[in-house]
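*Asks:* Fold the following, please.
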Amino acid sequence: MAKKTINNDVLLANIIKGIEEVKGNDITILDLREIDTAVCDYFVICNGNSNTQVNAIVNSIQKTVSKELKDKPWHVEGTDNAEWVLMDYVNIVVHVFQKHIREYYNIESLWGDAKITTIENKY
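*Replies:* The predicted model follows:
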């Protein structure tokens with residue numbers, strides 16, 4: 001049975017909704033579609049204030065996407081220490097950081113050619 005294709009815009013909206021549900025901070029979307037060497041279409045990057053909040057963000061994203069789209073990530077890693085959790089939805093990769101780890105790795109600067117969109121906090 002072929003896996004159904006989910007529209008990237010719908011998936012992005014649900015990922016953002018999941019982040020906002022638990023007050024994830026500094027949400028950034030990197031559009032990588034114009035970059036030849038990119039491994040996916042989008043990176044979604046956000047941060048939490050503690051390992052507890054990072055795991056809450058990850059759980060909220062999974063719950064929202066599962067409920068709305070009946071989809072789950074292909075792979076998740078980093079939940080054990082919850083400093084940097086990567087969620088791979090194939091076309092969209094979500095990075096959930098603790099703030100100091102995000103500042104240290106600064107992955108936005110590694111993808112300087114990407115179109116960057118910042119989502120304003122609603123809280």
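*Asks:* Quick one, grab the pLDDT at residue 37.
*Replies:* The score at residue 37 is 89. That number is its pLDDT.
*Asks:* List the buried residues of the lowest-mean-pLDDT helix or strand in the chain.
*Replies:* Of the helices and strands making up the chain, the lowest-confidence element is helix 107-110, at a mean of 92, by mean pLDDT, DSSP states H and E. Within helix 107-110, the residues scored as buried using 16 or more other CB atoms under 10 Å are residue 108. C-beta coordinates here come from the backbone N, C-alpha and C atoms, glycine included.
*Asks:* before we move on, what about stretch 41-60?
*Replies:* Applying 16+ other CB under 10 Å to stretch 41-60 flags 41-48, 53-58, 60 as buried.
*Asks:* got the residue ranges for the strands in this structure?
*Replies:* With strands called from DSSP state E, the chain shows them at 25-31, 42-48, 75-77, 84-88, 92-98, 115-119.
*Asks:* contacts for the fourth one?
*Replies:* In other words, strand 84-88. With CB atoms under 8 Å, 6 or more residues apart in numbering as the test, strand 84-88 has contacts from 40, 54-55, 57-58, 61-62, 73-79, 93-98, 101-102, 105.
*Asks:* Run the angle between that strand and strand 42-48 for me.
*Replies:* Relative orientation of strand 84-88 versus strand 42-48 (axes from the mean of the first three to the mean of the last three CA atoms, to 10 degrees): 150 degrees.
*Asks:* Surely residue 81 touches residue 51?
*Replies:* Yes - using CB atoms under 8 Å, residue 81 is in contact with residue 51, at 6.8 Å.
*Asks:* longest helix of this structure?
*Replies:* helix 51-69 (DSSP state H).
*Asks:* Sweet, I'm off.
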